[in-house]
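Asks: Predicted structure and sequence below. I'll ask about it afterward.
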Amino acid sequence: MRRKIPSTQALLAFEAAAHRGSFTLAAQDLSVSQSAVSHQILGLEQDLDVSLFLRLPRQLELTDAGRSLLARVSPALDSLEAAMLDLVSSKGEGGTLELGVVPTFATKWLIPRMPSFLKAHPHVTLNLATRLQPFDFSLTGLDAAIHYGRPDWPGTESEYLMGEDSVVVCSPALMKKRQLRRPADVLKFTLIHQSTRPHAWRDWFQLAGIDDVQGAGTGPKYELFSMIAQAVKAGLGLAVLPRFLVADDIADGTLAVPFDLSLSSDFAYYLVWPSQKTSWRPLVQLRGWLREQAAAP
């Protein structure tokens, strides 16, 4: 199917003229004649059947249609340029992969392991962006995401990475006071909640066999696990946190686990990507590496 896209030269001329406010200055930037720029833009306006500029005596001014087009054209040209630079620099062996990821997972699990990925795949640049909820890939510049939930993200393919077990954590100072002798004792303290997992405490109480949990839903809510971990260390309350995300804190004694109760989740971590990216080499390499890392002890 033939795409309805103007020539690259016309789009470059339009972008340059829009930024410079002048056909003459745009021509200088592009190393072409002023008449060539004017001709390209006139042809673009005719193709689109819309005026893109107001031709004022001393400058050009974008019309509403021109501003709308510029907002779409500039990112598209940037993306095209980045793709070409990636291809040239990697000689087809790599590229830049934009990955959306839950921030605490990135900090505690992904980033500490990334040196081995970069050593194995030096031609791949891995950029990370924070994403807490599913999104429409077509509306972002992201190539893939590490998602916590179920593998039911519309329009995507996914690969299971790992499950998650959570434990109640408290400050070491509270542990020393021996005020947490049995699970029901947690109700004497402030319960800190994670905003995207509002039922974690309810599920833990069910696991512990505690039925009378009035007030268990009250307490401060934090968006990030890293915030919650710091709040618990500061003695602000107790929290239910994924064990693997706080393993280092438990090991170095900055967090304590008062009960040998581990809450398993129906959710898991998945690598998710748009179907059209399945065979893209950088993504194939990332999938293979993540698979190995997730399976390692």
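Replies: Happy to help now that I have it.

Asks: Which pLDDT value goes with residue 174?
Replies: If you check residue 174, the pLDDT there is 91.

Asks: residues of the helix or strand that contains residue 285 that come out buried?
Replies: Element membership for residue 285, per DSSP states H and E: helix 281-295. Neighbour-count burial for helix 281-295 flags 281, 282, 283, 285, 286, 287, 289, 290, 293, 294 (criterion: 16 or more other CB atoms under 10 Å). Heads up, the C-betas are built off the backbone N, CA and C, glycines and all.

Asks: other SSEs contacting it?
Replies: With contacts defined as 3 or more CB pairs under 8 Å, 6 or more residues apart in numbering; DSSP states H and E, helix 281-295 has these neighbours: strand 95-101, helix 111-120, strand 124-130, strand 144-149, strand 156-162, strand 268-274.

Asks: now with 10 Å?
Replies: If you count contacts as 3 or more CB pairs under 10 Å, 6 or more residues apart in numbering; DSSP states H and E, helix 281-295 packs onto helix 64-90, strand 95-101, helix 111-120, strand 124-130, strand 144-149, strand 156-162, strand 268-274.

Asks: If I average pLDDT within each of these, which one is lowest?
Replies: Looking at the helices and strands packed on helix 281-295, the weakest mean confidence is helix 64-90, a mean of 82.

Asks: starting at the chain centroid, how far to it?
Replies: Distance of helix 64-90 from the chain centroid (CA atoms, centre = their mean, to the nearest Å) equals 21 Å.

Asks: for it, packing partners?
Replies: So helix 64-90, by 3+ CB pairs under 10 Å, 6+ apart, packs with helix 8-20, helix 34-48, strand 53-55, strand 60-62, strand 95-101, strand 124-130, helix 281-295.

Asks: possible to save those as JSON lines with distance to residue 256?
Replies: What follows is the helices and strands packed on helix 64-90, written out as JSON lines (distance: least, CB to CB, whole Å):
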{"stretch": "helix 8-20", "distance to residue 256": "58"}
{"stretch": "helix 34-48", "distance to residue 256": "65"}
{"stretch": "strand 53-55", "distance to residue 256": "67"}
{"stretch": "strand 60-62", "distance to residue 256": "61"}
{"stretch": "strand 95-101", "distance to residue 256": "28"}
{"stretch": "strand 124-130", "distance to residue 256": "29"}
{"stretch": "helix 281-295", "distance to residue 256": "27"}
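
Asks: quick revisit: any chance of TSV for the helices and strands packed on helix 281-295, columns mean neighbour count and distance to residue 221?
Replies: Formatted as TSV, the helices and strands packed on helix 281-295 follow (neighbours: other CB atoms under 10 Å; distance: least, CB to CB, whole Å):
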stretch	mean neighbour count	distance to residue 221
helix 64-90	13	35
strand 95-101	21	22
helix 111-120	12	26
strand 124-130	16	18
strand 144-149	22	17
strand 156-162	16	25
strand 268-274	21	22
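
Asks: just so I know, which of these lies nearest residue 241?
Replies: Proximity to residue 241 (CB to CB) singles out strand 144-149 among the helices and strands packed on helix 281-295, at 13.2 Å.

Asks: what's that closest one packed up against?
Replies: strand 95-101, helix 103-105, strand 156-162, strand 268-274, helix 281-295.

Asks: Residue 172 and residue 256 touch, don't they?
Replies: Yes: between residue 172 and residue 256 there is a contact under CB atoms under 10 Å: 5.0 Å.

Asks: the more surrounded of the two?
Replies: Using other CB atoms under 10 Å, the more surrounded residue of residue 172 and residue 256 is residue 256, with 19 against 12.

Asks: which ones are touching the more buried one?
Replies: 168-176, 180, 232-233, 249-250 (CB atoms under 10 Å, 6 or more residues apart in numbering).

Asks: what's the most distant pair in these?
Replies: Among the contacts of residue 256, 180 and 249 lie farthest apart (CB to CB), at 17.2 Å.

Asks: right, and out of the buried residues of helix 281-295, which lies closest to residue 32?
Replies: residue 282 (35.1 Å).
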